[in-house]
Each structure stands twice: as C-alpha cells, then as structure tokens.
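Peer 1: got a sequence here, can you build the structure:
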Amino acid sequence: MTGRGTLMTVTSPHDELSSRHVLYALVGAALLLVMGVFVFASGLVAPLWAVGLLVAFWGFAVMSSLRTWRRKMLSPVMWGVAVGLAWVGLISIGGAVLDWSP
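Peer 2: Have a look, this model is predicted:
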C-alpha cells in the first residue's frame with residue numbers, strides 16, 4: 001500500500017486494505033445510500049426532469065464509487081458529498097428561482 005498524504009492508494013488487488021480504508025468505504029456507502037433516499041424522494045418537490053438528472057448523477061456516483069474504492073480511499077466519501085451538494089443545490093435553486101413547491 002502506498003500513501004500520499006490523505007489519499008492512499010492500493011497498488012495491487014492482492015494488497016491488504018487498512019481499517020481506515022474499509023471505514024471510509026463504509027461511510028461513503030452510507031452517504032450514498034442516504035442520499036439515494038433523498039434523491040428518489042425529490043419527486044415530491046421537483047419536476048420529473050430534475051429528479052431524472054439527480055437519479056442519473058446518483059447512479060453515476062454509485063458506479064464510480066464501486067469502481068474506485070479499492071484504489072482511492074476517499075473516493076466513496078467524496079462521491080457521497082458530491083451527490084449531497086448537487087441535491088441541495090438543485091432543490092434550493094429550483095425552489096428559489098423556478099418556484100418549485102410541494
């Protein structure tokens with residue numbers, strides 16, 4: 001395992017994962033799961049096209065997180081935060097500018 005600051009990478013699939021690596025993967029998975037609930041419940045406030053955008057981005061984030069979690073330790077956490085920021089941003093802008101309401 002090679003360390004570069006806070007981003008640690010696993011060079012080979014046979015390298016052992018540290019407990020921090022597994023912890024970050026679990027935290028990232030929990031973030032993505034919770035944000036998935038919020039994304040799919042956005043249909044109560046947002047129009048179908050906005051929910052479709054959010055679902056597509058969430059799905060991309062989940063797939064990217066699954067592909068890179070062994071090589072980049074913070075990848076799942078960063079994707080979970082990115083989905084959260086996109087959700088808050090889109091719903092907030094839609095409510096303020098486009099007058100979305102329940």
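
Peer 1: which residue would you name as the spatial centre of the chain?
Peer 2: Central residue of the chain (C-alpha atoms, centre = their mean): G80, 2.5 Å from the mean position.

Peer 1: sec struct for that one, please.
Peer 2: Going by DSSP: H, G, I helix; E, B strand; the rest coil, the secondary structure assigned to G80 is helix.

Peer 1: residue contacts, it?
Peer 2: 27-28, 30-32, 34-35, 61, 65 (C-beta atoms under 8 Å, 6 or more residues apart in numbering). In this view, the C-beta of every residue, glycine as well, is placed from N, C-alpha and C.

Peer 1: likewise for M78?
Peer 2: By C-beta under 8 Å, 6+ apart, M78 lies in contact with G28.

Peer 1: distance of it from A25?
Peer 2: 12 Å (C-beta to C-beta, to the nearest Å).

Peer 1: where exactly do the strands run in this protein?
Peer 2: Ranges of strands in the chain, per DSSP state E, are 2-4, 7-9.

Peer 1: any idea which of these scores lowest on pLDDT?
Peer 2: With a mean of 53, strand 2-4 has the lowest mean pLDDT of the strands of the chain.

Peer 1: which residues touch S64?
Peer 2: S64 neighbours (C-beta under 8 Å, 6+ apart): 75, 79.

Peer 1: distance check, it against L98.
Peer 2: Between S64 and L98 the computed distance is 28 Å (C-beta to C-beta).

Peer 1: same check, this time on L53
Peer 2: L53 is 13 Å from L98, by C-beta to C-beta.
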